[in-house]
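Asker: What follows is a predicted structure for the sequence shown.
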Amino acid sequence: MRKAGSIIIWIIVTACVCTLITLPINLQTQLIASVTVVAIMAVIKFMKGEGKWRLVALAFGSSIILRYVFWRTTSTLPPLNQPENFIPGFLLYLAEMYSVMMGALSLFVVAMPLPPRPSRAATETKFPRVDVFVPSYNEDAALLANTLAAAKSMDYPADRVDVWLLDDGSTLQKRNAPNLLEAQAATARHEQLQQLCEELDAHYLTRDRNEHAKAGNLNNGMKASKGELIAVFDADHAPARDFLLETVGYFDDDPRLFLVQTPHFFLNPDPIERNLQTFDKMPSENEMFYGIIQRGLDKWNAAFFCGSAAVLRRTALDETNGFSGISITEDCETAIALHSRGWNSIYVDKPLIAGLQPATFASFIGQRSRWAQGMMQILRFRFPLLKRGLSIPQRLCYMSSTLFWLFPFPRTIFLFAPLFYLFFNLEIFTSSGGEFLAYTLAYMVVNLMMQNYLYGSFRWPWISELYEYVQTVHLLPAVISVILNPRKPTFKVTAKDESISVSRLSEISRPFFVIFAVLLVAFGMAIYRVYAEPYKADVTLVVGGWTLLNLIMAGCALGVVSERGERSSSRRVRVNRRCEFGVDDKWYPASIEDVSVHGARLHVFSKTFDPLEMDARGIIKFRPYSGAQEETLSVAVRNTHGAGDITSIGCLYLPTSALDHRLIADLIFANSDQWTKFQLSRRRNPGLIRGTIWFVGMALYQTSRGLVYLFRSLKSKDQQDQLQPIKVPGE
């Protein structure tokens with residue numbers, strides 16, 4: 001009876017909503033309604049309304065969006081008998097409807113996400129056996145040493161955990177390669193990593209052939225191990241000491257739990273953050289996914305495996321013959337397979353690993369291309385909406401995650417749509433300036449306000465649009481290729497341990513300058529047409545404003561592809577740990593200020609500290625987070641700088657044993673609380689108005705910086721051409 005009553009109520013509500021959306025009103029009334037809704041949403045936001053008030057604001061915003069969809073569908077499409085207008089106009093309409101659909105799916109997923117789970121570590125009494133898998137392909141031994149040492153140092157009974165290095169870069173196939181240099185390199189790597197694992201008391205495992213990429217490597221590890229649970233860390237993802245204590249206990253609570261996923265925290269900025277210099281000021285792009293979206297997915301039992309920083313149940317994986325490998329995103333595909341079999345997942349919103357992001361823009365795009373192509377493969381081969389065994393909320397969640405990667409298509413259309421009018425005088429959007437103000441502008445403002453409601457301090461205004469634009473240019477052909485041939489993409493490892501020593505333009509930057517030039521000409525055309533065709537000024541002003549918005553975004557992208565040089569060859573992590581510094585049998589009180597995989601910077605406190613020469617040997621004495629006795633780590637002095645009673649010393653580690661690697665890992669990775677504090681320090685919401693002003697200012701500066709890089713590169717090229725010897729015919 002209650003169920004029937006609920007259905008009746010929903011029918012009545014739906015009928016009322018449809019009536020309001022389709023109610024014919026004049027332009028003035030629509031404008032008043034739009035302004036009223038924007039004002040109500042602003043007041044609720046100003047009053048920091050949460051819970052039901054948050055839903056009320058989102059409902060008001062949704063009403064404006066649905067009004068816009070109705071008006072857009074019934075009143076703005078060009079006539080069918082004008083194909084030159086209708087075809088591009090309908091493509092623009094489809095792009096907008098895609099955006100509305102993705103907005104609706106986002107509302108479903110994150111309107112009321114689960115709050116972060118309380119710590120599970122305090123109640124841990126049972127210690128199931130865990131196999132830790134570190135799959136590797138071409139990573140440097142020093143990087144692997146840090147990850148393996150951190151894994152071995154986790155706060156967990158040593159006899160209940162086994163660490164495995166799954167080396168796919170030294171397979172028998174590679175060691176017997178026809179190319180002698182490749183074979184010798186693989187053999188040398190094989191021997192080096194075997195020795196490393198022996199020193200760190202980790203298991204080394206490789207296989208005969210490189211089949212099914214990372215999924216095949218993980219499945220090979222499952223055959224050789226027996227643990228009840230499997231923890232997976234990418235080669236550059238080192239765990240904190242409390243990783244297992246914060247995760248394995250959840251498997252006791254639910255016998256049908258197959259996955260505990262934690263966020264990916266990165267020590268270094270991605271190329272966009274580095275080139276725009278926003279890493280310390282603004283939340284990273286991945287925080288929107290791990291801070292909001294994964295919690296929203298978790299609410300619907302749809303949090304999925306992200307390839308690393310996770311623990312999985314072996315018996316669940318046995319049901320699907322291990323990790324799925326049809327697509328090149330084995331993580332999400334594996335989660336779909338297990339969710340459809342009735343297994344559950346949870347998401348723990350606490351950074352418990354620290355990793356590295358791609359350093360160059362080209363590597364960043366390569367990584368995103370793999371993600372996009374893998375999700376398109378899942379959409380094609382698994383199609384979550386019709387996947388048997390998934391609940392309806394799970395189907396919608398997975399559709400949201402996979403359909404998102406179609407964004408290059410609408411982004412391309414939004415970028416070039418104004419040009420049809422400005423250059424070819426095509427009318428692909430039938431409306432007046434007043435209608436644009438009452439419907440389209442209101443829709444855009446409400447859309448931005450709803451994004452601010454949903455993601456708040458996790459994503460500042462216009463940043464998502466910037467990330468999508470800079471990816472669109474190169475992701476569009478990648479997505480088209482996988483749609484046409486879904487079995488074509490192959491797994492490619494993303495280069496992480498890179499550095500840029502000299503400032504330069506990215507090798508894939510040319511299309512961004514071409515697009516910027518075209519948009520600049522288009523904006524000039526808009527200004528000309530306002531004066532040359534005053535009878536069309538209202539429409540031309542709208543299109544010109546649209547072009548200006550695209551131009552600002554394209555200008556900011558010029559700064560994104562202008563790679564800033566880095567002085568340091570490795571990423572530095574700020575810490576604050578007490579220690580002692582020893583040199584020439586004398587000990588001085590000191591603090592460790594920052595660390596990297598290669599060295600550390602100390603502040604030594606002493607009035608009598610003598611300057612040290614380059615490469616002078618010293619010792620750092622500190623207490624590891626394990627709470628054991630103090631340990632010592634040998635270092636070489638690289639530079640010193642005195643200021644009053646404080647001497648700043650840059651040191652290079654001199655590891656000679658497995659203990660040294662564990663001490664280095666302890667300095668960098670052991671304390672997960674420092675990562676949480678760093679994230680919280682960046683999470684503030686500037687609001688829509690201040691955020692927009694900030695973005696426009698940054699875009700103007702980055703435009704000028706990008707043009708300076710371009711002129712420098714052209715000048716440098718001219719100088720190189722002048723230095724080339726002139727060839728005279730006949731000589």
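Answerer: Structure received. What you see is a predicted model; the values in this text were computed from it and never measured.
Asker: Can you pull the poorly scored residue ranges out of the stretch 351-500 of the chain?
Answerer: Scanning the stretch 351-500 of the chain for pLDDT under 70 picks out 489-499.
Asker: low pLDDT regions in the stretch 1-150 of the chain?
Answerer: Using pLDDT under 70, the stretch 1-150 of the chain drops low at 1-7, 9-10, 13-14, 16-17, 122-124.
Asker: Please, where are all the helices along it?
Answerer: Secondary structure of the stretch 1-150 of the chain, counting by DSSP state H, counting those that start in this stretch: helices at 2-22, 27-46, 52-75, 83-110, 141-152.
Asker: got the buried residues for the third one?
Answerer: Taking 16 or more other CB atoms under 10 Å as the neighbour-count basis, helix 52-75 is seen to contain the buried residues 54, 57-58, 60-69, 71-72. Quick note: C-beta positions are derived from backbone N, CA and C, even for glycine.
Asker: any idea which of those is closest to Pro263?
Answerer: Of all those, Pro263 sits closest to Arg54, with 23.1 Å by CB to CB.
Asker: where exactly do the helices run in the stretch 251-400 of the chain?
Answerer: 271-276, 285-288, 294-299, 314-319, 330-339, 361-381, 392-403.
Asker: just checking, next helix/strand downstream of the last one?
Answerer: Later in the chain than helix 392-403, the nearest helix or strand by DSSP states H and E is helix 408-424.
Asker: For the very next helix or strand once past that following helix, buried residues please.
Answerer: Sequence order places helix 433-435 as the next helix or strand after helix 408-424, per DSSP H and E. For helix 433-435, the neighbour count (16+ other CB under 10 Å) marks Glu435 as buried.
Asker: which residues touch helix 433-435?
Answerer: 27, 31, 71, 75, 538-539, 541-542 (CB atoms under 8 Å, 6 or more residues apart in numbering).
Asker: just how off-centre is stretch 60-72 within its chain?
Answerer: 31 Å (CA atoms, centre = their mean, to the nearest Å).
Asker: neighbouring contacts of that stretch?
Answerer: 17, 20-22, 30, 33-34, 37-38, 40-41, 93, 96-97, 100, 103, 107, 435, 439-440, 442-443, 446-447, 449-450, 453.
Asker: how many neighbours does Asp610 have?
Answerer: Neighbour count of Asp610, defined by other CB atoms under 10 Å: 11.
Asker: can you tell me which residues contact Leu105?
Answerer: 396, 399-400, 403.
Asker: okay, now the domains of the chain?
Answerer: 127-357, 573-682 (automatic domain parsing).
Asker: Let me know which of those is tucked in deepest.
Answerer: domain 127-357 (a mean of 21; mean count of other CB atoms under 10 Å).
Asker: Can you tell me which of the helices of the stretch 251-400 of the chain is nearest to Pro115?
Answerer: That would be helix 294-299 among the helices of the stretch 251-400 of the chain, by CB to CB, at 7.6 Å.
Asker: helices or strands up against that closest one?
Answerer: helix 83-110, strand 344-347, helix 392-403 (3 or more CB pairs under 8 Å, 6 or more residues apart in numbering; DSSP states H and E).
Asker: Quick check: Arg690 vs Met288, distance?
Answerer: Note on Arg690: its distance to Met288, by CB to CB, to the nearest Å, is 19 Å.
Asker: whoops, I mixed them up, Trp71
Answerer: Distance from Trp71 to Met288, by CB to CB: 30 Å.
Asker: Restrict stretch 40-53 to CA atoms and write it as CSV.
Answerer: These are the backbone C-alpha positions of stretch 40-53, laid out as CSV (Å, rounded to 0.1, in the frame of the first residue of the first chain):
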residue,chain,number,x,y,z
ILE,A,40,17.2,32.1,-4.4
MET,A,41,20.2,29.8,-5.1
ALA,A,42,22.6,32.6,-4.2
VAL,A,43,20.9,33.2,-0.9
ILE,A,44,20.9,29.5,0.0
LYS,A,45,24.6,29.3,-0.9
PHE,A,46,25.4,32.5,1.1
MET,A,47,23.5,31.0,4.1
LYS,A,48,25.6,27.8,3.7
GLY,A,49,22.5,25.7,3.4
GLU,A,50,23.2,22.0,3.5
GLY,A,51,21.1,18.8,3.5
LYS,A,52,17.5,19.5,2.4
TRP,A,53,18.3,23.2,1.6
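Asker: Return the residues in contact with the nearest residue to Val110 once chain neighbours are set aside.
Answerer: Excluding its sequence neighbours, the residue lying closest to Val110 (CB to CB, 6 or more residues apart in numbering) is Gly296, at 3.6 Å. Taking CB under 8 Å, 6+ apart, we find Gly296 in contact with 109-111, 113-114, 397.
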